[in-house]
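*Asks:* Model the following, please.
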Amino acid sequence: MALLRILILFFVITTSLCAQEETDGLVLDDSSLYKQSITEKDLEPYTTDDDFNYEAETSKENALDRFINWLKNALQSFFESIFGVEAATGIILFIFRILPYLLLGVLIFLLLRFFLKVNSNSLIGKSQPQGQVLLSDEEHIIKNEDIIALIKTAIANRDYRLAIRYYYLLVLKQLTHNKQIDWEPQKTNDDYLNELENLDLKKDFETITRIYDYIWYGEFEIDAKGFDNLKMSFENLTSKIQTS
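*Replies:* Predicted structure coming up:
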């Protein structure tokens, strides 16, 4: 115990001496201060010098930058609402940083695919093989062509999708001839459905429209057996139209 007390006393004395030495080394400056006054005249040379004419540069954002920033803010709000934090960390932070660019890339890819598909269809329209039909030919087919003969040719060529297409145009032609609808190139299939007042025809027309959209616009391939089952809906409707 005595030895411990001696060590503690030695530590206290040593610490005090060191603190005193540090205090003794401190030099205080008691010289008087001179207050410098600056007038407008003193500043005049600088205000007229172009080297001191500073302008804050503002970043110019284009439409793409604004969209990315908006997307980032939306994603940040989404993450905050889920995780309850103001800033994401780790893998979430990594996803947060790259996700706007990934979504933008997907959007650009879809747009390019859409426009390329439309343009390619218009470019190769004149060189399409026999059995193909263009949307721009719809009016010509309804008004001038023997659609029943076109259906038989498509079936003989085993082009069952095209045969469904011709069947649908035949229905439109018959409905127009019987003044059930007023056919116009710019109208949609839903427009014709709304024009039909005969509820029995309307129900059947809705059925074949669903089949047509699925087969033709959905580009769903069908075989001979599937076609034989589907064509019955079209033939039944054409028979009803002729007797209505």
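*Asks:* what's Arg148 in contact with, if anything?
*Replies:* If you look again at residue 148, you'll see it is Ile, not Arg. Taking C-beta atoms under 8 Å, 6 or more residues apart in numbering, we find Ile148 in contact with Leu170. Heads up, the C-betas are built off the backbone N, CA and C, glycines and all.
*Asks:* burial measure for Ile68, as a count.
*Replies:* Using other C-beta atoms under 10 Å, the number of residues around Ile68 comes to 15.
*Asks:* wait, it sits on Leu102?
*Replies:* No - with contacts counted by C-beta atoms under 8 Å, Ile68 stays clear of Leu102, the gap being 11.5 Å.
*Asks:* count of residues packed around Asn226?
*Replies:* No, residue 226 isn't Asn; it's Gly. Using other C-beta under 10 Å, the number of residues around Gly226 comes to 13.
*Asks:* distance of it from Lys173?
*Replies:* Gly226 is 24 Å from Lys173, where distance means C-beta to C-beta, to the nearest Å.
*Asks:* Tell me how this structure divides into domains.
*Replies:* 63-123, 135-243 (automatic domain parsing).
*Asks:* Can you add distance to Leu33 and mean pLDDT and give those domains back as a markdown table?
*Replies:* Putting the domains of the chain into a markdown table (distance: least, C-beta to C-beta, whole Å; pLDDT from 0 to 100) gives the following:
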| stretch | distance to Leu33 | mean pLDDT |
| --- | --- | --- |
| domain 63-123 | 46 | 65 |
| domain 135-243 | 87 | 90 |
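*Asks:* Deepest in the core, which of those domains is it.
*Replies:* Among these, ranked by average contacts under mean count of other C-beta atoms under 10 Å, first place goes to domain 135-243 (a mean of 15).
*Asks:* follow-up on the earlier one: so can I have a markdown table of the domains of the chain showing distance to Asp49?
*Replies:* As requested, the domains of the chain are arranged in a markdown table below (distance: least, C-beta to C-beta, whole Å):
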| stretch | distance to Asp49 |
| --- | --- |
| domain 63-123 | 35 |
| domain 135-243 | 68 |
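*Asks:* right, and those domains - which one's nearest Glu40?
*Replies:* Smallest distance to Glu40 across these (C-beta to C-beta): 42.1 Å, for domain 63-123.
*Asks:* Can you show me the helices along the protein?
*Replies:* Using DSSP state H, the helices found in the chain span residues 2-24, 40-47, 63-83, 90-123, 138-144, 147-156, 160-177, 189-195, 199-212, 224-243.
*Asks:* Let me see the mean pLDDT of the first one.
*Replies:* In this case it means helix 2-24. Across helix 2-24, the average pLDDT comes to 52.
*Asks:* do the same with the second one
*Replies:* The predicted model gives helix 40-47 an average pLDDT of 73.
*Asks:* Which neighbouring elements make contact with that helix?
*Replies:* Helices and strands touching helix 40-47, by 3 or more C-beta pairs under 8 Å, 6 or more residues apart in numbering; DSSP states H and E: there are none.
*Asks:* List the buried residues in that helix.
*Replies:* Of the residues in helix 40-47, none are scored as buried under the neighbour-count criterion (16 or more other C-beta atoms under 10 Å).
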